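[1] Sequence isn't available, so here's the structure alone:
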């Protein structure tokens with residue numbers, strides 16, 4: 001469906017990672033990044049930087065894609 005009609009960003013779950021806004025497509029669950037002209041799929045470099053930034057800030061995704069902060073012990 002997304003190839004025909006484009007991705008449908010889930011704006012309610014969009015989060016800012018300190019550099020860009022990120023969310024997932026409601027239809028196919030693909031990661032999306034906010035660009036000046038709308039939401040789009042990120043490049044491989046953007047995705048790698050986003051994953052690296054989340055790891056540095058202590059945010060980890062569980063299997064359902066829910067972002068959880070690292071627990072303080």
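    Ah, there it is. No experiment lies behind these values; they were computed from the predicted model shown.

[2] SS state for the closest residue to residue 25 other than its chain neighbours?
    Leaving aside its sequence neighbours, residue 25 sits nearest to residue 7 (CB to CB, 6 or more residues apart in numbering; 4.1 Å). Heads up, the C-betas are built off the backbone N, CA and C, glycines and all. Following DSSP: H, G, I helix; E, B strand; the rest coil, we place residue 7 in the coil state.

[3] need the contact list for residue 7.
    If you count contacts by CB atoms under 8 Å, 6 or more residues apart in numbering, residue 7 has them with 25, 27, 28, 30, 32, 39, 40, 41.

[4] Narrow these to those in strands?
    Within the contacts of residue 7, residues falling in strands by DSSP state E are 32, 39, 40.

[5] Which of the three states applies to residue 48?
    Recorded secondary structure, residue 48: helix (three-state DSSP).

[6] Kindly report the same for residue 3.
    Three-state assignment for residue 3 (three-state DSSP): helix.

[7] any idea how far it is from residue 27?
    10 Å (CB to CB, to the nearest Å).
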